[in-house]
Each structure stands twice: as structure tokens, then as C-alpha cells.
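K.L.:
generate coordinates for the sequence data below:
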Amino acid sequence: MNSIQKLGRTVVEKKVIQMYVMEKLGAPTIGKEFGISKTEVYRILERNNIKRRQKKALVAQEIMKLHKRMSIPELSEHFGLQEKTIKIIISQNEKEELL
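P.N.:
Numbers count the residues shown, from 1 in each chain. Now for the predicted structure:
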């Protein structure tokens with residue numbers, strides 16, 4: 001009997017979402033906690049309309065594409081990152097372009 005059967009599906013799904021969204025844990029880590037696969041974690045997120053996080057490089061690339069059209073607060077809200085983080089990403093990428 002796995003954790004889902006013991007705790008009940010609704011409780012596990014809520015905890016999975018909390019761990020992924022609030023605690024920023026990855027699917028493999030969450031899966032180990034509940035004795036389920038990372039694929040099942042992703043299915044739970046999808047069922048609950050939770051977007052998967054993107055890899056950092058892809059996020060930075062997308063921010064750089066959009067930053068001329070969107071303000072830092074807009075980018076912050078769009079990507080779910082703090083404004084300070086957006087500023088750092090833009091600054092680091094602009095420095096790399098100069099090299």
C-alpha cells in the first residue's frame with residue numbers, strides 16, 4: 001500500500017501541490033516522499049492546472065525576449081519571480097552580450 005492509498009488521494013494531491021509550488025521541490029523529490037513516480041507527480045500537477053516550472057536557461061532566454069515589451073513588474077508576475085530576480089537575469093544576460 002503506497003502513501004496515496006494510506007492518506008487518500010485528495011490529501012496527497014494537496015500536499016504535492018504545496019511542496020511543488022510553495023516549497024519549490026522537484027517532482028523526483030516529491031515522488032520519493034510519497035512513493036510515487038515523478039510522472040505521477042506531473043500528472044497531479046496537470047490535473048490541478050499547475051504549470052510546470054521551466055529550466056532556468058529557458059526562463060532567462062524568454063525573459064530577454066520579452067523585456068523590451070514588458071515592464072519588470074509585468075515580467076515578475078508573468079514568470080512568478082521576484083522583480084529583483086528579473087533585474088539580475090536581465091543584467092547578467094546583457095553583460096554576456098557585451099563579451
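
K.L.:
give the helix, strand or coil label for Lys65.
P.N.:
Look at Lys65: counting by DSSP: H, G, I helix; E, B strand; the rest coil, its state is helix.

K.L.:
list the buried ones in stretch 13-28?
P.N.:
Going by neighbour count (16 or more other CB atoms under 10 Å), the buried part of stretch 13-28 is Glu13, Lys15, Val16, Ile17, Met19, Tyr20, Leu25, Ala27. To be clear about C-beta, it is placed using only N, CA and C from the backbone, and glycine gets the same treatment.

K.L.:
my bad, should have said stretch 87-99
P.N.:
If you call a residue buried by 16+ other CB under 10 Å, then stretch 87-99 has these buried ones: Ile89, Ile90.

K.L.:
ends of stretch 77-86, how far apart?
P.N.:
End-to-end distance of stretch 77-86 (CA to CA, to the nearest Å): 10 Å.

K.L.:
can you list contacts of that stretch?
P.N.:
Contact with stretch 77-86 is made by Val59, Glu62, Ile63, Leu66, His67, Met70, Ile72, Pro73, Leu75, Ser76, as judged by CB atoms under 8 Å, 6 or more residues apart in numbering.

K.L.:
rerun at 6 Å
P.N.:
Ile72, Leu75, Ser76 (CB atoms under 6 Å, 6 or more residues apart in numbering).

K.L.:
which ones among these map onto helices?
P.N.:
Ile72, Leu75, Ser76 (DSSP state H).

K.L.:
distance to Asn48, neighbour count and pLDDT for those - can I get that in CSV?
P.N.:
Output for the ones in helices among the contacts of stretch 77-86, formatted as CSV (distance: CB to CB, whole Å; neighbours: other CB atoms under 10 Å; pLDDT from 0 to 100):
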residue, distance to Asn48, neighbour count, pLDDT
Ile72, 29, 15, 95
Leu75, 25, 21, 92
Ser76, 23, 18, 89
